[in-house]
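1. no letters, just coordinates:
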């Protein structure tokens with residue numbers, strides 16, 4: 001599934017200046033995440049456009065202190081909360097997720113240099129990794145967007161924004 005610059009601009013509406021940095025990787029890694037249909041891409045874009053503020057941020061704005069000591073995220077060492085705060089266009093969070101990525105990609109440097117996930121290519125590739133790992137394609141196929149939001153966010157934070165991007169993406173991508 002490929003997305004054109006015109007389509008992505010139409011979905012985003014504003015802040016289109018970041019598209020050239022990310023669109024090549026969105027298209028390049030879509031098959032890596034098995035995002036191969038309009039429904040899957042629309043759901044993916046609905047989530048990542050909200051999480052990244054239309055591709056503007058690849059590092060969580062908060063300090064990460066709220067994640068300190070969160071064993072469910074694997075943050076077992078002092079400083080892990082801040083070190084492994086959300087990064088990438090889907091905001092990969094927690095030591096355990098960085099370690100899983102490092103292992104799967106055979107890239108151990110991610111554990112020592114987690115800020116690498118903020119770079120455009122890895123920011124996108126990690127989002128597709130998360131998407132596939134959490135079996136979000138199956139939910140996208142059934143248009144179960146609310147459940148996708150809970151799996152990505154852990155709740156319903158930004159649900160209206162996510163849904164608006166999703167609905168717009170469905171319209172734009174189905175019109176192609």
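-> Right, received. Where do you want to start? Model, not experiment: these values are computed from the prediction.

2. what about the helices in the chain?
-> Counting by DSSP state H, the chain has helices at residues 5-12, 19-28, 38-51, 80-83, 95-104, 109-112, 120-133, 136-141, 145-153, 159-175.

3. okay, the angle between the first one and helix 19-28?
-> So that's helix 5-12. Interaxial angle, helix 5-12 versus helix 19-28 (axes from the mean of the first three to the mean of the last three CA atoms, to 10 degrees): 100 degrees.

4. got it, and the longest one?
-> The directions of helix 159-175 and helix 19-28 differ by 70 degrees, with the same axes, to 10 degrees as the criterion.

5. and the residue nearest the centre of the chain, what does it touch?
-> Against the mean C-alpha coordinate of the chain, by CA atoms, centre = their mean, the closest residue is residue 90 at 2.1 Å. Residues counted as contacts of residue 90 (CB atoms under 8 Å, 6 or more residues apart in numbering) are 47-48, 51-52, 126-127, 130-131, 152. In this view, the C-beta of every residue, glycine as well, is placed from N, C-alpha and C.

6. between those residues, which is closest to residue 145?
-> Distances from residue 145 to those, taken as CB to CB, are shortest for residue 47 (8.8 Å).

7. could you measure from that closest one over to residue 85?
-> For residue 47, the distance to residue 85 under the criterion CB to CB, to the nearest Å works out to 18 Å.

8. need the contact list for the spatially most distant residue from the centre of the chain.
-> Here the chain reaches farthest from its C-alpha mean at residue 78, the gap being 26.0 Å by CA atoms, centre = their mean. With contacts defined as CB under 8 Å, 6+ apart, the neighbours of residue 78 are residue 68.

9. which ones are touching the residue nearest to residue 36 when sequence neighbours are not counted?
-> Taking CB to CB, 6 or more residues apart in numbering, and ignoring the residues beside it in sequence, residue 36 has residue 1 as its nearest neighbour in space, at 5.2 Å. Taking CB under 8 Å, 6+ apart, we find residue 1 in contact with 30, 35-38, 40-41.

10. mind redoing it with 6 Å?
-> Residues touching residue 1, when contacts are defined by CB atoms under 6 Å, 6 or more residues apart in numbering, comprise 30, 35-36, 41.

11. and the furthest pair within the residues you listed?
-> Farthest apart among these - using CB to CB - are 36 and 41, which lie 8.1 Å from each other.
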